[in-house]
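Student: only the shape, not the letters, is given here:
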């Protein structure tokens, strides 16, 4: 049976080539700075770090699962990665993040005003790229895929608006937070898994199972990311240890702490910034109150739902096994 590592070795170079050629062709007659900045965002400047391309991998593996020609899904995979990176450019502006993947963010390198425009231009390229699938698939299926793409884009923007609105508001409840990550993170993973079934004209059941798989994978991904933000080691995550506490980020474990631990809540409210000793004490409180275990259990819960949905999809067992490996590896990753 083909392993995830074999799929990665096969897919990733093709994904990179398609992304680069699509962006390069679209921007070749454009303003040089716009081309330079967008290629920089994707890591196509020489020798720079690139993203994991998780979403394109999900698209192609889901296509293989349904015994489709995955090459035909490359435009959709590229469009989704463009949409994701558009959201990262704007997210970095809104969070005032100076670094991403170890290098300067777009706004830090080119300025906020230009970064807004660069992000907007990338969104337009993403829409044009998803529209290009119309020539390869049934027109009705292609139109529905395009509409779902725009719905996913709206979900990302709505989730980011919620995230900014919630900032500093400790009265936000867990249900609000889970809805926010549903919109901001999980919706695009759900679409990434579902789009092959949409374009292939598959029955509602298969579409819903793949959508549910991606959605719950996304929920688990973000909650485990929140765990890493407190308990991940700096040499593993590339971030400051306990960064979410230091930055007073209202992540899932912090919200649990505010709800369940009067001692943690008192420390959180005591001052605007925390000393290293206070951060250490707060981490100990979260662990002693069982909150660390609760966060990991919540991530595992969503992972289990994702795996159950995936298990019910009829299709290529090798691709299913690779998708299962991605899901199981989720709560073992270091960053």
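Tutor: Yep, it's here. Values in this document were obtained by computation on a predicted structure and should not be read as measured data. Numbering: from 1, shown residues only.
Student: and the strands in the stretch 51-200 of the chain, which stretches?
Tutor: 99-100, 103-104 (DSSP state E, counting those that start in this stretch).
Student: what is the one helix or strand residue 310 maps to packed up against?
Tutor: Using DSSP states H and E, residue 310 maps to helix 291-311. Under the contact definition 3 or more Cβ pairs under 8 Å, 6 or more residues apart in numbering; DSSP states H and E, helix 291-311 sits against helix 204-231, helix 252-260, helix 317-329. For the C-beta atoms, the positions are set from N, CA and C on the backbone; glycine is no exception.
Student: buried residues, the shortest one. List them.
Tutor: Of the residues in helix 252-260, those scored as buried under the neighbour-count criterion (16 or more other Cβ atoms under 10 Å) are 252-258.
Student: just stretch 116-132 next, same as before
Tutor: By 16+ other Cβ under 10 Å, the buried positions in stretch 116-132 come out as 118-119, 121-123, 125-127, 129-131.
Student: farthest-separated two in the residues you listed?
Tutor: Across those, no pair lies farther apart than 118 and 131, at 20.7 Å, counting by Cβ to Cβ.
Student: if we can go back for a sec, JSON lines please, covering the buried residues of stretch 116-132 and showing pLDDT and distance to residue 217.
Tutor: Below are those laid out as JSON lines (pLDDT from 0 to 100; distance: Cβ to Cβ, whole Å):
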{"residue": "118", "pLDDT": "98", "distance to residue 217": "29"}
{"residue": "119", "pLDDT": "98", "distance to residue 217": "25"}
{"residue": "121", "pLDDT": "98", "distance to residue 217": "30"}
{"residue": "122", "pLDDT": "98", "distance to residue 217": "24"}
{"residue": "123", "pLDDT": "98", "distance to residue 217": "24"}
{"residue": "125", "pLDDT": "98", "distance to residue 217": "26"}
{"residue": "126", "pLDDT": "98", "distance to residue 217": "21"}
{"residue": "127", "pLDDT": "98", "distance to residue 217": "25"}
{"residue": "129", "pLDDT": "98", "distance to residue 217": "23"}
{"residue": "130", "pLDDT": "98", "distance to residue 217": "21"}
{"residue": "131", "pLDDT": "98", "distance to residue 217": "27"}
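Student: can you list the weak-confidence ranges in this protein?
Tutor: Counting by pLDDT under 70, the ranges of the chain that qualify are 46-49, 234-240, 334-335.
Student: try it again at 50.
Tutor: Regions of the chain meeting the criterion pLDDT under 50 are absent.
Student: could you list every residue that touches residue 199?
Tutor: With contact set as Cβ atoms under 8 Å, 6 or more residues apart in numbering, residue 199 has these partners: 68, 73, 76, 133, 137-138, 141-142, 145.
Student: next: residue 143.
Tutor: residue 134.
Student: so it versus residue 18, what's the distance?
Tutor: Going from residue 143 to residue 18 by Cβ to Cβ, to the nearest Å gives 22 Å.
Student: circling back to that earlier point, okay if I get the strands of the stretch 51-200 of the chain as CSV plus distance to residue 318 and mean neighbour count?
Tutor: Shown next, in CSV, are the strands of the stretch 51-200 of the chain (distance: least, Cβ to Cβ, whole Å; neighbours: other Cβ atoms under 10 Å):
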stretch, distance to residue 318, mean neighbour count
strand 99-100, 33, 14
strand 103-104, 36, 14
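Student: want to throw the ones you listed into CSV with distance to residue 232?
Tutor: Formatted as CSV, the strands of the stretch 51-200 of the chain follow (distance: least, Cβ to Cβ, whole Å):
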stretch, distance to residue 232
strand 99-100, 16
strand 103-104, 20
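Student: tell me which of these sits nearest to residue 209.
Tutor: strand 99-100 (33.2 Å).
Student: report the contact partners of residue 314.
Tutor: Residues in contact with residue 314 (Cβ under 8 Å, 6+ apart) are residue 206.
Student: now do the phi/psi pair for it.
Tutor: The phi/psi pair for residue 314 (degrees, to the nearest 10) reads phi -80, psi 130.
Student: how far away is it from residue 203?
Tutor: Taking Cβ to Cβ, one finds residue 314 at 10 Å from residue 203.
Student: which among the buried residues of stretch 116-132 gets closest to residue 320?
Tutor: Of all the buried residues of stretch 116-132, residue 130 has the smallest distance to residue 320: 25.6 Å, by Cβ to Cβ.
Student: reformat the helices and strands packed on helix 291-311 as a markdown table; add distance to residue 104.
Tutor: Converted to a markdown table, those look like this (distance: least, Cβ to Cβ, whole Å):
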| stretch | distance to residue 104 |
| --- | --- |
| helix 204-231 | 22 |
| helix 252-260 | 28 |
| helix 317-329 | 30 |
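Student: who wins for proximity to residue 12 among those?
Tutor: Comparing those by Cβ to Cβ, helix 317-329 comes nearest, at 12.7 Å.
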